[in-house]
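Enquirer: Got a predicted model here, sequence first, then my questions.
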Amino acid sequence: DELTQARYVARSLTLLAARGIENATYFCLQFKAAPNLGERGFSLVNQDQTPKPGYAAYANLARWLAGVR
């Protein structure tokens, strides 16, 4: 579900930072051409481009890790 995705996004960025990884890219902002409808769930935004909780989790944690306020 969307809240689980948000937790995984935040956790993965935290784990990468803890390992000293300086750059990371989340591979899927919006997966429009997914052959399987379930794969669209990996997107950080809905089909109408409204953000999911994972989008906010990614944005907030990325800013925090980068020291941006």
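Expert: All right, it came through fine.
Enquirer: how distant is stretch 29-44 from the center of its chain?
Expert: 13 Å (CA atoms, centre = their mean, to the nearest Å).
Enquirer: That one: which residues count as buried?
Expert: 30-31, 43-44 (16 or more other CB atoms under 10 Å). All C-beta spots, glycine's among them, are computed from the backbone N, C-alpha and C.
Enquirer: For residue 19, state which of those residues is nearest.
Expert: residue 44 (22.1 Å; CB to CB).
Enquirer: got a list of what the closest one touches?
Expert: Residue 44 is in contact with 9, 26, 28-30, 51-52, 54-55, 58, counting by CB atoms under 8 Å, 6 or more residues apart in numbering.
Enquirer: Repeat that for residue 46.
Expert: So residue 46 contacts residue 52 (CB under 8 Å, 6+ apart).
Enquirer: could we number from 665 for the rest of this?
Expert: Okay, residue one is now 665; in that scheme the one you just asked about reads as residue 710.
Enquirer: Which one of the buried residues of stretch 693-708 is nearest to residue 681?
Expert: In terms of CB to CB, no member of the buried residues of stretch 693-708 lies closer to residue 681 than residue 708, at 18.5 Å.
Enquirer: Quick check on the closest one: phi, psi?
Expert: When read as degrees, to the nearest 10, the backbone of residue 708 gives phi -90, psi -10.
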